[in-house]
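In: test case, fold it:
(2 chains)
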Number of protein chains: 2
Amino acid sequence: MQILDGKATAARLRADLAVEVADLSKTYHRPPQLAVVLVGEDPPSHIYVRYKEKACAEVGIHSRTWRIEASITQDKLEELVSGLSASEDIDAVLVQVPLPGHLDLLAVQALVSPEKDVDGFAPVSVGRLSIGLPCLTPCTPAGVMYLLKHYGISCTGKKAVVLGRSNIVGKPMAMLLASTEANATVTVCHSRTADVAAECRQADILVAAIGKARFVTRDMVKPGAVVVDVGMNRTETGLCGDVDYEAVKDVVSAITPVPGGVGPMTIALLMANTVEAYKRRLAVSETAREGAKA
Amino acid sequence: MQILDGKATAARLRADLAVEVADLSKTYHRPPQLAVVLVGEDPPSHIYVRYKEKACAEVGIHSRTWRIEASITQDKLEELVSGLSASEDIDAVLVQVPLPGHLDLLAVQALVSPEKDVDGFAPVSVGRLSIGLPCLTPCTPAGVMYLLKHYGISCTGKKAVVLGRSNIVGKPMAMLLASTEANATVTVCHSRTADVAAECRQADILVAAIGKARFVTRDMVKPGAVVVDVGMNRTETGLCGDVDYEAVKDVVSAITPVPGGVGPMTIALLMANTVEAYKRRLAVSETAREGAKA
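Out: Numbering: from 1, shown residues only, chains lettered A, B, ... in the order given. Okay, here's the model as predicted:
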């Protein structure tokens, strides 16, 4: 049984990105710039943002976080995000989720221009991903694909089952697995699925992203399956995933631990997306400069 | 066994739309305006466009087709489509597919603004559909959903299998079936699926959209399934679908014929989308007028 070590894989990716960023920052006299918008006092969101800031520092990305009071109006928040998205000085923009209940998240996300949309949640980014056009890909599913590839796990012709149909994980995860690059046969399960256990038992690759502690039990896993656990649930006994790891680990061929699996990959892919957005903007301004010279 | 009569259902929808359009055209002193861009000499495309023009005339939509030589450059085509998309006089724009091989279809489709994108193929339209935001929905999958609903077939908790992962049918079909409105558990199969027959046999609702004549045989259909045939293949013996209709019809609970099933629904939903785009633009100009009065 192989443990898919997201912590180590993410650390290596961050180190590779740091080398690249150091080189580019020297050549172009500026580091990548990430703007983070954090609204309200949700404690896990504050923790995640600190992780992201720490990863940025390690990679050499200059990050700045706008910490906004929960009482901000929709108009004011939209004004802020539009401004960041339009700013010449900023390469990448992310709006930390969730937002306080009175705010319309989708309307805010739609204001991030696709070339800066490092979360990949703006409608045009989602559409480009679905169609198969180049785009910045949502960090969690992109992190899962990176991890599978890193461990030499091919998806072609495999049956993949995705538990959950959220905009953040389930839907883009299904798109990536079913793409012409990955070529899995994908089934998406959700709260209205008649027999989730029967679906799961067919999966060669099972991705759990429903936010229910230890939902996936031993009898739901096909022997030899690859199990990816996106869950991060707080229980009385501490953090745990959507998969009953202890019960399942001897049946699978590979599995991600929680913590140390998908979580670090998500943040590492945010770094990769930010560097990607930065490089594209450098290339554009390079082309413009050459055009001006000619 | 129920035949899902797309021809009759589409005729009724067109008739309903005609009443609505007559009423609105009288009130607002103008009919809906659809611009169709048809490039090159592909014979089926010319036939489809004539069907669309005929349906427009029946509903009371004013359609105008730009018939363009196959040799048009990408730049010129983009200029035309951008112009139509920006025109104050036009409510809806569609680019007939396929385009000649030297043209970049996705780049052209991306130029149709989402409020006029009656084919629903622009990236932002696709993204809005995936996320669950209001949008104009691709006509073929929307037509399938309309037909199922018209015949009282619920998708909730059902297993749906979609054969094919095209941007035009397979992908948006899967999105609609898996949405929180339809609530099916959806599997998408494609050329790299290991055992298509086994997947199909699990389907309560089977949608075939792969463009292979009579691909779905009797042994691939679960008794009592609902079978939707999006195929339209030219064979030596005439037009036929992706489903072996004669072999399958006694096993299923419901099935669409070819022709007379999904085809007419696709065109009827194009009419519905055009009327929807027109109504939204009327509402916007109404609001603007009231704003000016105040």
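
In: kindly report the residues of chain A close to chain B.
Out: Within chain A, the positions adjacent to chain B are A:106, A:122-128, A:130-133, A:156-159, A:165, A:167, A:171, A:175, A:178, A:180, A:183, A:185-190, A:192-194, A:199 by Cβ under 8 Å from any Cβ of the partner chain. Where you see a C-beta, it was placed from the backbone N, CA and C, and this is true even at glycine.

In: ok, of these, which come out buried?
Out: Neighbour counting over the residues of chain A next to chain B (16 or more other Cβ atoms under 10 Å in any protein chain shown) leaves A:122-128, A:130-131, A:133, A:158-159, A:165, A:167, A:171, A:175, A:178, A:183, A:185-190, A:192-193, A:199 as the buried ones.

In: which of the residues you listed fall in helices?
Out: Among these, DSSP state H puts A:P123, A:V124, A:S125, A:V126, A:G127, A:R128, A:S130, A:I131, A:K171, A:M175, A:A178, A:E199 in helices.

In: any idea how far B:F121 is from the fourth one?
Out: Spelled out, that is A:V126. A:V126 sits 14 Å away from B:F121, going by Cβ to Cβ, to the nearest Å.

In: what's the neighbour count on A:V258?
Out: 22 (other Cβ atoms under 10 Å in any protein chain shown).

In: mind listing what it touches?
Out: Contact analysis of A:V258 by Cβ atoms under 8 Å, 6 or more residues apart in numbering or on different chains lists A:D229, A:G231, A:M232, A:L239, A:C240, A:G241, A:V243, A:Y245.

In: which element is it on?
Out: If you go by DSSP states H and E, A:V258 is not part of any helix or strand.

In: give me phi/psi at the most centrally placed residue in chain A?
Out: Centroid-nearest residue in chain A: A:C139, 1.7 Å away (criterion: Cα atoms, centre = their mean). Backbone torsions for A:C139, taken as degrees, to the nearest 10, come to phi -70, psi -40.

In: how about the nearest residue to it, chain neighbours excluded?
Out: The shortest distance from A:C139 to any residue other than its chain neighbours is 4.2 Å, reached at A:L269 (Cβ to Cβ, 6 or more residues apart in numbering or on different chains).

In: list the buried residues of the strand or helix carrying the one you found.
Out: A:L269 is located in helix A:262-293, with elements delineated by DSSP H and E. Buried residues in helix A:262-293, counted by 16+ other Cβ under 10 Å: A:262-279, A:281-282.

In: same question for stretch A:51-69.
Out: Counting neighbours by 16+ other Cβ under 10 Å, stretch A:51-69 gives A:K52, A:E53, A:A55, A:C56, A:V59, A:G60, A:I61, A:H62, A:S63, A:T65, A:W66, A:I68 as buried.

In: measure the second one to chain B for me?
Out: As defined by Cβ to the nearest Cβ, to the nearest Å, A:E53 lies at a distance of 28 Å from chain B.

In: so that residue makes contact with A:S63?
Out: Yes. In this structure, A:E53 is within contact of A:S63 by Cβ atoms under 8 Å, at 5.4 Å.

In: which non-adjacent residue is nearest A:A11?
Out: Closest residue to A:A11 apart from its sequence neighbours, by Cβ to Cβ, 6+ apart: A:P264 at 7.5 Å.

In: who's in contact with the one you found?
Out: A:G6, A:K7, A:T9, A:A10, A:A11.

In: which of those fall in helices?
Out: Per DSSP H, the contacts of A:P264 map to helices at A:G6, A:K7, A:T9, A:A10, A:A11.

In: quick one: buried ones out of those?
Out: When the ones in helices among the contacts of A:P264 are checked for burial by 16+ other Cβ under 10 Å, the buried set is A:G6, A:T9, A:A10.

In: can you list the low-confidence ranges for chain A?
Out: The model of chain A has pLDDT under 70 over residues A:293-294.

In: how about 90 then?
Out: A:236-238, A:283-294 (pLDDT under 90).

In: domains of it?
Out: A:28-113, A:139-263 (automatic domain parsing).

In: columns distance to B:Y48 on top of the ones you listed, output as a markdown table?
Out: Below are the domains of chain A laid out as a markdown table (distance: least, Cβ to Cβ, whole Å):
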| stretch | distance to B:Y48 |
| --- | --- |
| domain A:28-113 | 33 |
| domain A:139-263 | 26 |
